[in-house]
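> Okay, sequence plus prediction incoming.
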Amino acid sequence: MCGRFSLLGTPEEIAAYLALMELEDFPPRFNIAPTQPILMVISGETPPPGSNRSDRKALLVRWGFIPGWVKNTADYPLMINARSETAIEKASFKTAMRHRRALIPASGFYEWRRSGDKKSQAYWIRPRNGGIIAFAGLYEPWANAEGSEMDTGAILTTRANDDIRHIHDRMPVIIEQKDFARWLDCKTQEPRHVSDLLKPAQADFFEAIPVSDKVNKVANTGPDIQERVLENLSEPKKSARNKPEEPDTQMKLF
């Protein structure tokens with residue numbers, strides 16, 4: 001599962017990494033939570049031959065996937081993640097897997113480990129070498145009964161690698177830069193053609209830094225939530241999970 005993440009790169013760094021022609025300015029985001037807007041990159045119209053223009057397009061998307069056929073969101077669960085192993089089979093995700101694959105730039109994510117005495121420890125999980133990464137994502141346009149439209153999205157997850165398996169059994173799928181074009185190509189690349197990309201990150205790619213429970217509250221959005229603390233758990237317990245507080249005050253885009 002991935003329930004919180006960060007995006008700390010500058011717009012220029014993110015645009016360069018994802019081969020976007022330009023990207024509007026925005027501040028660092030240290031504690032991105034469900035239902036807030038997240039940045040997604042999709043493949044747009046193919047540029048003319050010889051053009052140096054990128055065909056990739058940046059979108060602001062509500063983090064929380066809503067299939068187009070859903071009529072009443074009050075009766076539908078908040079889906080922030082999609083299991084990559086079964087997404088192509090699920091009614092909620094199979095159309096997006098075929099037609100609306102996306103990249104979600106990030107600087108890392110948060111996960112929680114829980115012990116038998118119900119104590120929890122939060123971790124800031126980031127690339128050991130720093131920099132920007134891209135989660136595999138799915139997006140879906142959705143409209144309510146009054147015709148108001150918004151784009152929604154989810155992060156694809158897979159089994160955890162050795163770096164974080166002691167914390168949690170799931171992690172986001174990371175798409176490497178060399179595979180961006182293939183992942184985003186929904187015209188010629190069917191889900192079966194890109195299934196090899198839906199795998200855990202290589203060993204030693206991430207480091208897990210214990211942080212305080214400040215990250216549990218969506219109101220805490222400063223860099224202090226990523227400061228290292230002493231771990232307060234002695235024995236990991238893989239099967240237990242601790243969910244962060246659900247957001248009750250969100251950014252006003254949606």
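That came through fine.

> Give me the distance between Arg113 and Ile38.
Look at Arg113 and Ile38: by C-beta to C-beta, to the nearest Å, they are 24 Å apart. Using the backbone N, CA and C atoms, a C-beta is placed for each residue, glycine as well.

> cool, and Arg100?
15 Å.

> Those two: who's more crowded?
Ile38 (28 against 19; other C-beta atoms under 10 Å).

> wait, the more buried one sits on Leu60?
Yes. Taking C-beta atoms under 8 Å as the definition, Ile38 is a contact partner of Leu60 at 7.4 Å.

> Give me the three-state assignment for Glu22.
Classification of Glu22 using DSSP: H, G, I helix; E, B strand; the rest coil returns coil.

> Counting neighbours, what do you get for it?
Neighbours of Glu22 using other C-beta under 10 Å come to 9.

> Skipping adjacent residues, who's closest to it in space?
With sequence-adjacent residues excluded and distances taken as C-beta to C-beta, 6 or more residues apart in numbering, Glu22 is closest to Ala15, at 6.2 Å.

> got the contact list for the one you found?
Counting by C-beta atoms under 8 Å, 6 or more residues apart in numbering, Ala15 makes contact with Met21, Glu22, Leu23.

> ok, it to His168 distance?
31 Å.

> do Ala201 as well
From Ala201 over to His168 (counting by C-beta to C-beta), the distance is 13 Å.

> Which one of the two is surrounded by more residues?
Comparing Ala201 with His168 by other C-beta under 10 Å, the one with more neighbours is His168, at 24 against 21.

> distance between the longest helix along the chain and the chain's centre?
Criterion DSSP state H: the longest helix present in the chain is helix 11-18. Chain-centre distance of helix 11-18: 17 Å, with C-alpha atoms, centre = their mean, to the nearest Å.

> what's the following helix or strand after it?
Next along the chain after helix 11-18, taking DSSP states H and E as the criterion, comes strand 29-32.

> Can you tell me whether I have it right that Thr95 is in a helix?
Yes. Assessed with three-state DSSP, Thr95 lies in a helix.

> residues contacting Glu190?
Applying C-beta under 8 Å, 6+ apart, the residues contacting Glu190 are Arg98.

> in the stretch 151-254 of the chain, which spans are helices?
All helices of the stretch 151-254 of the chain, identified by DSSP state H, counting those that start in this stretch, fall at 180-184, 191-194.

> Need the per-residue pLDDT for Glu235.
Confidence at Glu235, expressed as pLDDT, is 50.

> what's the answer for Leu253, then?
pLDDT, Leu253: 41.

> Now stretch 201-208 - C-alpha only, PDB.
Coordinates of each C-alpha in stretch 201-208 appear next as PDB, following Å, rounded to 0.1, in the frame of the first residue of the first chain:
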ATOM      1  CA  ALA A 201      12.200  -2.000  -7.200                       C
ATOM      2  CA  GLN A 202      15.700  -3.600  -7.300                       C
ATOM      3  CA  ALA A 203      17.400  -4.400  -4.000                       C
ATOM      4  CA  ASP A 204      19.100  -1.500  -2.200                       C
ATOM      5  CA  PHE A 205      17.300   1.100  -4.300                       C
ATOM      6  CA  PHE A 206      15.400   2.500  -1.300                       C
ATOM      7  CA  GLU A 207      16.400   3.400   2.200                       C
ATOM      8  CA  ALA A 208      13.900   3.600   5.000                       C
END
